[in-house]
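Participant: Everything below, folded, please.
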Amino acid sequence: MRMSRKTRVAAGAAALALGAATVLAGCSAKSGSSSASGGTPKQGGTVRVAESAGTYPTAIWPFISPNQYTTVDTSAFQYLFYRPLYFWGQNDKNQLDADLSIGNTPVWSNGGKTVSITLKDWKWSNGESVDGQDVLFWLNMSKAMKAKSAYYTPPNTSIGADYYPDNILSATASGQTVTLNLDKAYSQTWFDDNQLSIITPMPIAWDMTSATAKGSCATATYGSAAAATACAADYAYLSKESTDGKTFATSSLWSVVDGPWKLKSYNSTSGAYSITPNASYSGPQKPYLDEVDYVPFTSDTAEYAQLKAGSSGAAALQVGYADSADLPKYNASNLNADNPLKNKGYYFATPYYLDEISYYQVNHANTTVGPLFKQPYFLQAVQDTVDQQGMITGFDKGWGYTNNSATPSEPAGNPLSSAAKALTPTFSTSKAKALLQANGWDVSTTPATCTNPGTASGQCGAGITKGEAASFTVDYPSGEGVVQQEATLMASDAAEAGIKITMTGQTQNQIGNESSACSASSASGCWEGLLYGGWVFSPDYYPTGDALWATGTGANIWGGSDSTLDKLIYQTTISNNISDMYAYEDYIDSHQQVVYLPNSLQQQGVEVVNGLNIGVSDPYQGTEPEYWYYSK
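Facilitator: Modelled structure (predicted):
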């Protein structure tokens with residue numbers, strides 16, 4: 001929880017989605033060779049990578065809050081240093097990568113209510129073992145501080161639904177093994193793929209309440225009052241340190257890593273950072289490179305100017321992205337035929353699919369415009385004004401594909417109902433206009449106004465008053481030309497249907513600061529719409545929607561709530577019958593809560609210097625530069 005270069009994606013169930021960090025997702029040479037490089041790897045070398053304009057990681061502790069939960073912070077940054085218990089992604093496929101996972105295959109017993117995980121023999125960089133106690137540390141923190149966690153979906157008592165960590169009755173650690181006892185038997189596919197995948201072991205070195213005082217969160221009894229107190233004290237300290245970018249690279253906390261990289265430097269003002277190999281890394285695939293430098297730019301134009309300056313020299317970029325204006329039409333059979341920088345020593349990286357859905361959020365909880373978004377007909381009308389194929393053909397020049405369902409159609413591997421497979425986006429401003437008119441709106445001007453308030457058929461709907469305008473604001477990320485063009489087009493097309501959308505440009509990080517659920521006291525003044533990216537299904541790899549659409553989940557910052565949807569989602573978590581998954585998909589696809597946008601091919605227009613291999617990456621936007629190498 002997935003980024004597409006156009007927008008910042010939230011990391012999956014744990015993604016907000018809303019979700020990687022740079023303009024590219026990490027690349028895995030083991031998963032496939034690049035379209036214009038290869039050869040025998042040589043050890044050493046430095047790679048300078050362009051960060052997407054205005055986008056850089058801002059939180060280093062893996063236990064993150066909802067407004068930090070993006071792939072920018074998680075799979076593209078934190079995963080470099082701190083590996084999750086189970087690592088997903090292989091050759092752009094939706095599957096577990098057992099080799100890169102710290103945990104062995106879970107063992108189930110007690111009628112499906114007990115699960116044990118034994119960890120492999122990995123080490124932290126301070127020499128300590130990665131063991132069951134480190135997993136219990138994470139579990140204790142999750143239980144005690146669940147309200148602060150992006151990974152938390154609250155229980156729904158009306159239907160008896162419990163999610164992580166409320167569905168774990170007890171947890172114990174012994175050596176390399178941790179054992180969980182659950183409140184009931186669940187779908188083991190769902191629990192393995194969406195619950196155990198959330199866990200990131202945390203070193204005992206992080207069990208601190210201050211720079212000098214040790215804590216006891218890691219060793220307390222799971223769910224006890226002592227654990228609640230101890231973990232709250234840890235959290236107060238760690239969460240503050242996690243966002244203090246000035247100390248990311250020097251902190252005694254964050255220097256203890258079990259991943260293949262260590263953070264060498266981090267500039268909290270510009271977002272520039274550098275990584276070097278973790279000499280103590282005990283997992284597979286140690287890095288070839290000596291260093292990777294992530295270079296920030298204020299705009300796409302500035303970044304492209306640097307690329308055009310050439311691939312040699314101290315300031316040269318080895319990995320960047322072509323300006324949208326100069327990007328050629330997508331040619332899958334001959335990717336580099338019209339590459340504008342071919343003569344500068346670059347080739348296009350192989351594009352691939354993210355396991356994502358792209359959209360912009362509309363705030364159901366905003367007391368002014370929320371009633372509009374709670375009407376299925378209104379969101380359908382807005383959706384009908386989005387010209388997905390036009391954006392792909394025009395602005396993206398073919399480097400994209402339509403987004404048809406709440407479950408990704410690409411890459412292959414996700415369960416899709418017959419109806420979901422058949423979905424095709426509709427673009428018709430006349431249809432959208434007719435839909436508003438049929439529900440009590442005067443569409444003779446823009447914005448349309450409600451002339452028939454009420455909740456009966458043909459009326460505007462609950463909470464919408466007479467004379468109210470079909471008007472709302474969407475904040476979008478500035479600094480990227482394609483996004484601005486698309487925002488302008490969406491506003492123009494919506495106006496033809498009588499819907500006024502005011503598009504406001506802000507930096508990605510400004511939007512990130514906005515992206516939280518409205519409290520009751522602030523609901524009248526909080527955001528109305530955010531073009532913040534979408535959702536990468538990581539680490540909720542089985543796309544049941546419990547971490548995204550369920551009422552009250554951390555990623556559901558728009559305050560959507562649908563009791564029928566909640567029941568259908570819950571059924572997917574306790575049932576092994578695929579028909580229950582299809583029932584959920586068909587309902588959410590006809591009762592959408594956001595406005596869907598086209599997906600971009602990952603590594604769209606990414607330029608790579610000749611002789612450098614960055615391969616084909618995983619579909620969750622993880623950066624895996626340990627597989628990058630220069631050829632001999």
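
Participant: Verify the contact between Glu496 and Thr429 for me.
Facilitator: Yes: at 4.1 Å, Glu496 counts as touching Thr429 under the criterion of C-beta atoms under 8 Å. For glycine as for every other residue, the C-beta is placed from the backbone atoms N, C-alpha and C.

Participant: domain assignment for this structure?
Facilitator: Domain ranges of the chain: 93-242, 356-600, per automatic domain parsing.

Participant: can you list those domains in TSV and add mean pLDDT, distance to Phe81 and mean neighbour count?
Facilitator: Listed next are those as TSV, based on pLDDT from 0 to 100; distance: least, C-beta to C-beta, whole Å; neighbours: other C-beta atoms under 10 Å:
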stretch	mean pLDDT	distance to Phe81	mean neighbour count
domain 93-242	96	9	19
domain 356-600	93	16	20
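
Participant: Tell me which of those domains lies nearest to Asn67.
Facilitator: Counting by C-beta to C-beta, Asn67 lies closest to domain 356-600 out of the domains of the chain; the figure is 4.6 Å.

Participant: Report the distance from that closest one to the chain centre.
Facilitator: From the chain centre to the centre of domain 356-600 is a distance of 17 Å (C-alpha atoms, centre = their mean, to the nearest Å).

Participant: got it, and stretch 239-254?
Facilitator: That offset, for stretch 239-254, works out to 22 Å (C-alpha atoms, centre = their mean).

Participant: Pull out the C-alpha coordinates of it and format them as PDB.
Facilitator: C-alpha atoms of stretch 239-254 as PDB (Å, rounded to 0.1, in the frame of the first residue of the first chain):
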ATOM      1  CA  SER A 239       6.800   8.600  16.200                       C
ATOM      2  CA  LYS A 240       8.400  11.900  16.900                       C
ATOM      3  CA  GLU A 241      11.800  10.700  15.900                       C
ATOM      4  CA  SER A 242      10.400   9.000  12.800                       C
ATOM      5  CA  THR A 243       9.500  12.400  11.200                       C
ATOM      6  CA  ASP A 244      12.600  14.300  12.300                       C
ATOM      7  CA  GLY A 245      14.400  14.100   8.900                       C
ATOM      8  CA  LYS A 246      17.400  16.000  10.300                       C
ATOM      9  CA  THR A 247      18.400  12.900  12.200                       C
ATOM     10  CA  PHE A 248      17.300  10.100   9.900                       C
ATOM     11  CA  ALA A 249      20.800   9.200   8.800                       C
ATOM     12  CA  THR A 250      22.500   9.800  12.200                       C
ATOM     13  CA  SER A 251      20.000   8.300  14.700                       C
ATOM     14  CA  SER A 252      21.100   5.300  16.700                       C
ATOM     15  CA  LEU A 253      17.600   4.000  16.200                       C
ATOM     16  CA  TRP A 254      17.300   4.000  12.500                       C
END
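
Participant: end-to-end on stretch 520-531?
Facilitator: Stretch 520-531 has its terminal residues 23 Å apart, counting by C-alpha to C-alpha, to the nearest Å.

Participant: What of stretch 245-259?
Facilitator: 20 Å.

Participant: Likewise for stretch 533-552?
Facilitator: End to end - C-alpha to C-alpha - stretch 533-552 spans 20 Å.

Participant: ok so, going back, can you tell me which of the domains of the chain comes nearest to Gly39?
Facilitator: domain 93-242 (23.1 Å).

Participant: right, and Lys421 touches Ser409 too?
Facilitator: Yes: using C-beta under 8 Å, Lys421 makes contact with Ser409 at a distance of 7.3 Å.

Participant: what would the domains of the chain look like in TSV with distance to Lys308?
Facilitator: As requested, the domains of the chain are exported to TSV (distance: least, C-beta to C-beta, whole Å):
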stretch	distance to Lys308
domain 93-242	35
domain 356-600	16
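
Participant: Now Thr350: phi and psi?
Facilitator: phi -70, psi 120 (degrees, to the nearest 10).

Participant: right, and it touches Leu335 too?
Facilitator: Yes: here Thr350 lies in contact with Leu335, judged by C-beta under 8 Å, at a distance of 7.3 Å.

Participant: ok, for Lys123, nearest residue in space, not its chain neighbours?
Facilitator: In space, and not counting its chain neighbours, Lys123 is closest to Ser282: 4.6 Å by C-beta to C-beta, 6 or more residues apart in numbering.

Participant: ok, now which ones touch the one you found?
Facilitator: Counting by C-beta atoms under 8 Å, 6 or more residues apart in numbering, Ser282 makes contact with 121-123, 258.

Participant: Try it again at 10 Å.
Facilitator: 102, 120-125, 129-130, 258, 260 (C-beta atoms under 10 Å, 6 or more residues apart in numbering).

Participant: same thing with Lys123?
Facilitator: Taking C-beta under 10 Å, 6+ apart, we find Lys123 in contact with 129-130, 258, 280-283.

Participant: chain center to the longest helix along the chain: distance?
Facilitator: In the chain, taking DSSP state H as the definition, the longest helix is helix 225-242. Helix 225-242 sits 25 Å away from the centroid of its parent chain (C-alpha atoms, centre = their mean).

Participant: Which strands or helices does that helix pack on?
Facilitator: Judged by 3 or more C-beta pairs under 10 Å, 6 or more residues apart in numbering; DSSP states H and E, helix 225-242 is in contact with helix 132-144.

Participant: on contacts alone, who are the packing partners of the helix it packs on?
Facilitator: Judged by 3+ C-beta pairs under 10 Å, 6+ apart, the packing partners of helix 132-144 are strand 114-118, strand 168-174, strand 177-182, helix 225-242.

Participant: Tabulate these (CSV), appending distance to Asn610.
Facilitator: Shown next, in CSV, are the helices and strands packed on helix 132-144 (distance: least, C-beta to C-beta, whole Å):
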stretch, distance to Asn610
strand 114-118, 44
strand 168-174, 49
strand 177-182, 47
helix 225-242, 39
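
Participant: For Thr153, find the nearest of those.
Facilitator: Smallest distance to Thr153 across those (C-beta to C-beta): 13.2 Å, for strand 168-174.

Participant: between the closest one and strand 114-118, how big is the angle?
Facilitator: 30 degrees (axes from the mean of the first three to the mean of the last three C-alpha atoms, to 10 degrees).

Participant: Work out the sheet partners of strand 168-174 and label each with its direction, please.
Facilitator: Neighbouring strands of strand 168-174 in its sheet, by DSSP bridges, are strand 177-182 (antiparallel).

Participant: Select, out of the helices and strands packed on helix 132-144, the one closest to Met202.
Facilitator: Between Met202 and the helices and strands packed on helix 132-144, the shortest separation by C-beta to C-beta is 9.1 Å, and it involves helix 225-242.

Participant: Which one's more surrounded, Thr350 and Leu335?
Facilitator: Set Thr350 next to Leu335 and count neighbours by other C-beta atoms under 10 Å: Thr350 wins out with 24 against 18.

Participant: is it true that that one touches Ser617?
Facilitator: Yes: Thr350 lies in contact with Ser617 (C-beta atoms under 10 Å); the separation is 9.0 Å.

Participant: Checking Ser358 next. Helix, strand or coil?
Facilitator: Look at Ser358: counting by DSSP: H, G, I helix; E, B strand; the rest coil, its state is strand.

Participant: Direction-wise, compare the longest helix of the chain with helix 132-144 and give the angle.
Facilitator: Using the same axes, to 10 degrees: helix 225-242 against helix 132-144 is 90 degrees.
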